[in-house]
Each structure stands twice: as structure tokens, then as C-alpha cells.
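Participant: Structure, please.
(one chain, ligands or ions: 1)
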Amino acid sequence: MNAEFASSSAPIKLYRHPLSGHCHRVEMMLSILDLPYELVDLDLLQGAHKAPAFLDLNPFGQVPVLDDNGTIVSDSNAILVYLVEAYGKETGWLPRAPGVAAAVQRWLSLTVSHLATGPARARWRTLTGASDTPETETARAISHAFLEQMEGLISGQHYLAGEAPTIADVSAYAYIAHAPEGGVSLAAYPKVRAWIDRVEALQGFVPMQASPLPELA
Ligand SMILES: N[C@@H](CCC(=O)N[C@@H](CS)C(=O)NCC(=O)O)C(=O)O
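Facilitator: Purely as a prediction, here's the structure:
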């Protein structure tokens, strides 16, 4: 158990959905920091995230939400910052040097722009039966444009913000690694695949539940 956490009373609760990459990034951070945590699965299809009790935790009605013994934090990237500030300040997962700190923020921004509208959307629409639609094709095109850029951006470095892993890698991993579940092949992106391998080799890495690959026309 993480020494700083040892004085706390209960495991950290993570309200989540097992197929959500946003939730996976939080679980991975909890695991990497070796914190005791409890997963609370919400049935999104039944609207559990819109129930009044959950809206009290996050008025936007979205997972993930973290409950750290009464400290409630929502938004996946905000939760990553919270966890490192609270329990891993000296670890390097949230670097302070200006250039690297800016690179981390840039990648966090990419997770809410290109990644959300590209591979995350393509995968979710595919998993929910909307694979063969123009919107899903648009999301796949955004994904490939992004992955092409990513090949160049990470060329010659091990992790997204440089030579050491940061919360940027934790945040970006799931929707990139699971892009094929949305009909977005990673075959043309060897540097991206090598980065995925490096993230999966990190101590404390936990996988996200895989979904079947779609049969595309
Ligand atoms: N900005 C939020 C986005 C989270 C998000 O989109 N969560 C999805 C699941 S992957 C959700 O709860 N969707 C239900 C909804 O928006 O009603 C974060 O990073 O936590």
C-alpha cells in the first residue's frame, strides 16, 4: 500500500463503466500509484448516471467520478491531476519543468479534442451498433488524421511528453490502444504501437476490457 495513503480510512471509490476509456485512465493511475481502490460500476444503459444521487456527485451526469473519503472529483484528467498531487507528488507523473509540463497539457487537450471526436467516438458508435453511418466514418477519418500526426510527434521519444511516462500517457492510452474496436486499424502506425507496448509494460498497468473487433464492409 502507498505509504501516504496508509493513514486514510477507506479505499478510494471509482464510479465507472468498464468499457469507458475515460474511466480506465483513472483506474490505471490508481493502480500505478498503488492505491487501494474500489470500483463501483454504473449501468449507463439504465441511466444510473442521471439518477439524483449520482448527479449530486457530478451534475454533468458522467463517469468517472472519484470519491476519496468524501473528496469528490469528476472529469478524468482532473482526477489524474488530483491523484498525483495527493499521493504521488514526487513521482514525476505530473512534471513541473515548463517545457514538459506544457507538453503534458497539450496531450491532455488532445484527449478531449481529437481523441474524443476520433477513436473514442468511432469505438462507442461501433459498440452501440452504429458502425455503418457517415458520423462513424467521420470519426474514423479524424482518428487516422490524428494517428498520422502522432507518429511524427512521438518519433524519437519513448513517451508522449518525452523520455519518462506522465499522466498524458495514462490519459491517452485506452482510446488509442482500443481504436481497432471502432474500426480504426493501427497497422500503419508502428511508432504508436511501440508506444502502446511501452505503456502496457509500465509497473501497475491494468488493461481495459476488450470488445469484439467489428466486421467492416
Ligand atoms: N470530460 C469528461 C468526459 C467523461 C465522459 O464522456 N464519460 C462518458 C462515458 S465514457 C459518460 O459518462 N457519458 C454519459 C453521458 O455523457 O451522458 C471526463 O473526462 O471525465
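Participant: for this protein, which spans come out with low pLDDT?
Facilitator: Across the chain, residues meeting the criterion (pLDDT under 70) sit at 1-8, 217.
Participant: so what's residue 163 up against?
Facilitator: Contacts for residue 163 (C-beta atoms under 8 Å, 6 or more residues apart in numbering) come out as residue 157. From N, CA and C alone the C-beta is placed, and that goes for glycine too.
Participant: how close does it get to the ligand?
Facilitator: Distance, residue 163 to the ligand, using C-beta to the nearest ligand atom, to the nearest Å: 26 Å.
Participant: repeat for residue 200
Facilitator: For residue 200, the distance to the ligand - C-beta to the nearest ligand atom - is 21 Å.
Participant: residues contacting that residue?
Facilitator: 177, 207.
Participant: Same question for the one 4 residues further on.
Facilitator: Taking C-beta under 8 Å, 6+ apart, we find residue 204 in contact with 28, 31, 32, 33, 34.
Participant: ok, now with 7 Å
Facilitator: Shown in contact with residue 204 (C-beta atoms under 7 Å, 6 or more residues apart in numbering): 31, 32, 34.
Participant: ranking those by neighbours, who comes first?
Facilitator: Greatest neighbour count in the contacts of residue 204, by other C-beta atoms under 10 Å, goes to residue 32: 21 neighbours.
Participant: show me the contacts for that residue.
Facilitator: Going by C-beta under 7 Å, 6+ apart, residue 32 touches 202, 204.
Participant: Could you rerun that using 8 Å?
Facilitator: By C-beta under 8 Å, 6+ apart, residue 32 lies in contact with 93, 170, 202, 203, 204, 205.
Participant: Would you check that residue 142 makes contact with residue 118?
Facilitator: Yes: between residue 142 and residue 118 a contact is recorded at 3.8 Å, counting by C-beta atoms under 8 Å.
Participant: hang on, the earlier thing: in PyMOL, select just the buried ones from the contacts of residue 32.
Facilitator: Of the contacts of residue 32, the buried ones can be selected in PyMOL as follows, counting by 16 or more other C-beta atoms under 10 Å:
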select buried, resi 93+170+202
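Participant: Contacts made by the helix ranked longest in the chain with the rest, please.
Facilitator: Ranked by residue count, the top helix of the chain under DSSP state H comes out as helix 134-153. Residues outside helix 134-153 that contact it (C-beta under 8 Å, 6+ apart): 110, 114-115, 117-119, 121-122, 125-126, 130, 160, 176, 179, 182-184, 186, 188-192.
Participant: one step back: between residue 142 and residue 118, which is the more surrounded one?
Facilitator: Between residue 142 and residue 118, counted using other C-beta under 10 Å, residue 118 has the larger neighbour count: 26 against 20.
Participant: looking at this, the more buried one is in a strand?
Facilitator: No: Residue 118 is assigned helix when assessed by DSSP: H, G, I helix; E, B strand; the rest coil, not a strand.
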